[in-house]
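>>> Model the structure of this input:
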Amino acid sequence: MGFTCAVVDCPEWLQQSKPGCYFKHELDKCCTVGEVCGQSNVTCKVDGKTYRVGEQFSPSNNKCTRCICQNEFAGKYEAPFCKKRSCIEEIDRQKEINNFCAPTYTSNNDCCPFSWICPETKDAIVVAKTPSKHP
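Residues are numbered from 1 along each chain as shown. Here you go, the predicted structure:
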């Protein structure tokens with residue numbers, strides 16, 4: 001048993017915002033929720049860059065966190081401004097999980113697995129010798 005996940009195509013992936021405008025995000029939405037035109041009086045300064053209300057960012061010291069610039073953001077990467085990026089492995093990779101495969105990552109900064117290493121019938125199990133805590 002498993003799941004088939006739909007491929008999400010957000011409108012902003014296929015078009016650019018109007019001149020002087022940008023797409024607005026919300027924390028729990030995959031796609032943008034609208035377009036903002038004109039100057040924003042709310043900004044968030046993070047890692048030397050300024051974001052307008054509704055723009056998303058990830059802090060450089062925590063790439064696995066997704067944040068949205070909102071009113072009253074005070075530089076703390078926590079709800080309701082930020083949340084940990086979601087990986088869909090529990091749904092998307094049921095076969096690998098059920099077969100005791102190990103997730104692999106390309107770097108220490110990766111949030112979600114890059115690929116999986118699965119056991120094969122020809123694999124040998126080697127029991128590690130662990131030192132006794134008691135002499």
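>>> Check the protein and tell me which residue is nearest its centre.
Central residue of the chain (Cα atoms, centre = their mean): Arg85, 2.9 Å from the mean position.
>>> wait, doesn't it sit right on Asp110?
No - counting by Cβ atoms under 8 Å, Arg85 does not reach Asp110; the two are 10.4 Å apart. No exception for glycine: its C-beta is placed from N, CA and C like everyone else's.
>>> which residues touch Tyr51?
Shown in contact with Tyr51 (Cβ atoms under 8 Å, 6 or more residues apart in numbering): 43-45, 57, 69.
>>> Dump these to a markdown table, plus distance to Ala124.
What follows is the contacts of Tyr51, written out as a markdown table (distance: Cβ to Cβ, whole Å):
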| residue | distance to Ala124 |
| --- | --- |
| Thr43 | 58 |
| Cys44 | 53 |
| Lys45 | 55 |
| Phe57 | 47 |
| Cys69 | 53 |
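>>> Lowest mean pLDDT among the helices and strands of the chain, which one is it?
Ranked by mean pLDDT, DSSP states H and E, the helix or strand of the chain with the weakest confidence is helix 89-92, at a mean of 74.
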